[in-house]
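Trainee: Quick one, fold the following:
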Amino acid sequence: MGGHSHWAGIKHKKALLDSKRGKVWTRIVREITIAARMGGGDPGGNPRLRKSIEDAKAANMPAENVKRAIQKGTGEIPGVTYEELTWEGYGPAGVAIYCESTTDSRNRTSNEVRKVFENNGGKMGSPGSVSFLFPQKGYITVKKSASDEDSLMSLALDNGAEDFKSESKDVYEIITEPADFEKVKTALAEKKVATETAELTRIPTTQVKVDGPDAEKVLKLIDALEAHEDIKDVYANFDIPDQVLAQLEK
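Mentor: Residues are numbered from 1 along each chain as shown. Reported below is the predicted structural model:
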């Protein structure tokens, strides 16, 4: 893995594949329902709901589906009750894996996720076994053609960004604490700086170098976890060389 931007690129490709599988709408509906239940049905005062509605629009979800998901969350109409759960474990070569899910059946999802780990050379761990390796961060990328490095770095850091990286060939990367994410995002928008990525995510604090056959096994496990309908996001701390990734993507 050539840094977080490469991993974000892989996740973007996965999102496109998920949309073709027809699963992305299911995941977005669940996210809207939970966001509305926790923070109310007004996106103006509920950043999480606002973000999930933006995701729905990007996935071309009909407005009626969005409205119905919000109403289920606020209790205006009956619906399934989803809960948010996390799953932790290890993959081949000792790679740490952290999964976020939404489910209407804790036991079913637990058993199924455990089988995915075991069938792909991994092992599900106990709560807290790897979560400390994946702190939540705000993550923003800006195309290098959209701004010069010095002015963008100053703008980001002056508005509370934690880190600014320019190692990627195509984009600048801005890392924030979750509490500062909206402030930095708003500052960029006010200066009309277009963002490629702007999300709350989890960035591993350490990485495990993986090469050879283990690299393919790790990605196979990640694919299997992301293909599960209840899994919303998968984070892993593998470091696979770019040339190996390129070969495996063929």
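Trainee: so how far is Tyr98 from Gly128?
Mentor: When distances are taken as CB to CB, to the nearest Å, Gly128 and Tyr98 turn out to be 11 Å apart. Every C-beta, even on glycine, is put in place using the N, C-alpha and C of the backbone.
Trainee: ditto for Leu200
Mentor: Taking CB to CB as the criterion, Leu200 is separated from Tyr98 by 14 Å.
Trainee: ok, those two, which is more surrounded?
Mentor: The neighbour count for Leu200 versus Tyr98, taken as other CB atoms under 10 Å, is higher for Tyr98 (22 against 15).
Trainee: Report whether the more buried one is found in a strand, as I expect.
Mentor: Yes: under DSSP: H, G, I helix; E, B strand; the rest coil, Tyr98 sits within a strand.
Trainee: roughly how far out does the helix or strand containing Leu248 sit from the chain middle?
Mentor: Element membership of Leu248 [criterion: DSSP states H and E] is helix 242-249. For helix 242-249, the gap between its own C-alpha mean and the chain's C-alpha mean amounts to 21 Å (CA atoms, centre = their mean, to the nearest Å).
Trainee: before we move on, back to that, return every residue with contacts to both of Gly128 and Tyr98.
Mentor: Any residue near both Gly128 and Tyr98 by CB atoms under 8 Å, 6 or more residues apart in numbering counts here, and that gives Glu88.
Trainee: Give the buried residues for stretch 109-128.
Mentor: For stretch 109-128, a neighbour-count test (16 or more other CB atoms under 10 Å) marks Thr109, Ser110, Val113, Val116, Phe117, Asn120, Gly122, Met124, Gly125 as buried.
Trainee: Apologies, that question was intended for stretch 213-227.
Mentor: Residues of stretch 213-227 classed as buried under the neighbour-count rule (16+ other CB under 10 Å) are Asp214, Ala215, Lys217, Val218, Leu219, Lys220, Leu221, Ile222, Ala224, Leu225, Glu226.
Trainee: Okay, and the first one sits in which element?
Mentor: Element membership for Asp214 (DSSP H and E) is helix 213-227.
Trainee: Find the least confident helix or strand in the chain, judged by mean pLDDT.
Mentor: helix 4-21 (a mean of 48; mean pLDDT, DSSP states H and E).
Trainee: Could you list every helix and strand in contact with the helix or strand following it?
Mentor: Using DSSP H and E, the helix or strand that directly follows helix 4-21 along the chain is helix 24-39. For helix 24-39, the helices and strands in contact under the criterion 3 or more CB pairs under 8 Å, 6 or more residues apart in numbering; DSSP states H and E are helix 4-21, helix 47-58, helix 63-74, strand 96-103, strand 231-236.
Trainee: run the last query once more with 6 Å
Mentor: Contact here means 3 or more CB pairs under 6 Å, 6 or more residues apart in numbering; DSSP states H and E; on that basis helix 24-39 packs against helix 47-58, helix 63-74.
Trainee: Next secondary structure after the last one?
Mentor: Next in sequence after helix 63-74, counting helices and strands by DSSP H and E, comes strand 83-90.
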